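Peer 1: turn this into a model:
(one chain, ligands or ions: 1)
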Amino acid sequence: MRLRNVKHAGEMIAMYPNIIIGTPTDFKGKWNECFGNNNPIEIEIGCGKGKFIQEIASRQPEKNFIGIEKFDSVIIRALEKVIEYPLPNLRLIRIDADKLPEIFDTLEISKIYLNFSDPWPKKRTAKRRLTSTQFLDRYSRILKQGSNIIMKTDNSELFEFSKIEFNESQYFDLDVINNDLYSNMPDDNIQTEFEQKFVEKGNKIFYLKATFKGDKHEEDL
Ligand SMILES: C[S@@+](CC[C@H](N)C(=O)[O-])C[C@H]1O[C@@H](n2cnc3c(N)ncnc32)[C@H](O)[C@@H]1O
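Peer 2: Have a look, this model is predicted:
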């Protein structure tokens, strides 16, 4: 199903509140009620048009998945996919990820995927990068101890920046660094929309996996 009118994307999103959750803050601490089970919840931040989140949710029905995207005009493309092929373990949220701790409670999330995040190359916008110290702090407030953040990108500057941020973070251990995913490809890789384009162009794909150590925040000590 093609939702043609991007101009009225907001209205279309409002028509499907069971897929794109209308007021996600209502579910803080009780996302299990939204899914009707206690299965682990994994999120993709910046899910774009939703190819990855749709595919992983269909391959792993024993887990729940939420795609998070900040733009109406983009998330309606993900909505189309879910309308076409509904999955009980998949939801979408239209929100800026800087609001994550308002939506999820501590320990509520079991994995975060960061696929081809916007690079924000200028220094003055570095805090908007999804692996900045500010975002790692937000992730540490919602992740379960021992859970992972998986990142893929073709942008070497963003990758270098991210390695430094994870290494300097009190909350995370950087476990896996792969500087050429396609020369050492795991069986379960799911290509995202941007990944497909970048691979066709011959770009190298970088990959990392970090683990949340579960350290307490200063205000909790
Ligand atoms: C380069 S696209 C990648 C899309 C998809 N993950 C892929 O690999 O095909 C990055 C997406 O992240 C979204 N995004 C960037 N910053 C975000 C934020 N703070 N919160 C939610 N979405 C964000 C953008 O709107 C865009 O759709």
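
Peer 1: next, the spatially closest residue to residue 190 that is not a sequence neighbour: secondary structure please.
Peer 2: The shortest distance from residue 190 to any non-neighbouring residue, by C-beta to C-beta, 6 or more residues apart in numbering, is to residue 55 (5.0 Å). Yep, even glycine has a C-beta here, placed from its N, CA and C like the rest. Assigned by DSSP: H, G, I helix; E, B strand; the rest coil, the conformation of residue 55 is helix.

Peer 1: check the one 10 residues further on too.
Peer 2: Under the three-state scheme (three-state DSSP), the conformation of residue 65 reads as strand.

Peer 1: number of nearby residues for it?
Peer 2: 28 (other C-beta atoms under 10 Å).

Peer 1: show me the domain layout of the chain.
Peer 2: 1-54+62-105, 119-221 (automatic domain parsing).

Peer 1: closest one to residue 113 among these?
Peer 2: domain 1-54+62-105 (4.2 Å; C-beta to C-beta).

Peer 1: figure out how far that closest one is from the centre of its chain.
Peer 2: 11 Å (C-alpha atoms, centre = their mean, to the nearest Å).

Peer 1: likewise for stretch 143-157?
Peer 2: The answer for stretch 143-157 is 9 Å, by C-alpha atoms, centre = their mean.

Peer 1: got the contact list for it?
Peer 2: For stretch 143-157, contacts defined as C-beta atoms under 8 Å, 6 or more residues apart in numbering pick out 107-117, 119, 121, 131, 139, 159, 162, 166, 172, 175, 181, 192, 194-195, 198, 203-214.

Peer 1: near the ligand, from these?
Peer 2: By C-beta under 6 Å from any ligand atom, the members of the contacts of stretch 143-157 lying near the ligand are 115, 116, 117, 192, 194, 195.

Peer 1: next, count neighbours for the first one.
Peer 2: The tally of other residues near residue 115 (other C-beta under 10 Å) stands at 23.

Peer 1: in space, what's closest to it - neighbours in sequence excluded?
Peer 2: Per C-beta to C-beta, 6+ apart, closest to residue 115 is residue 192, 4.5 Å.
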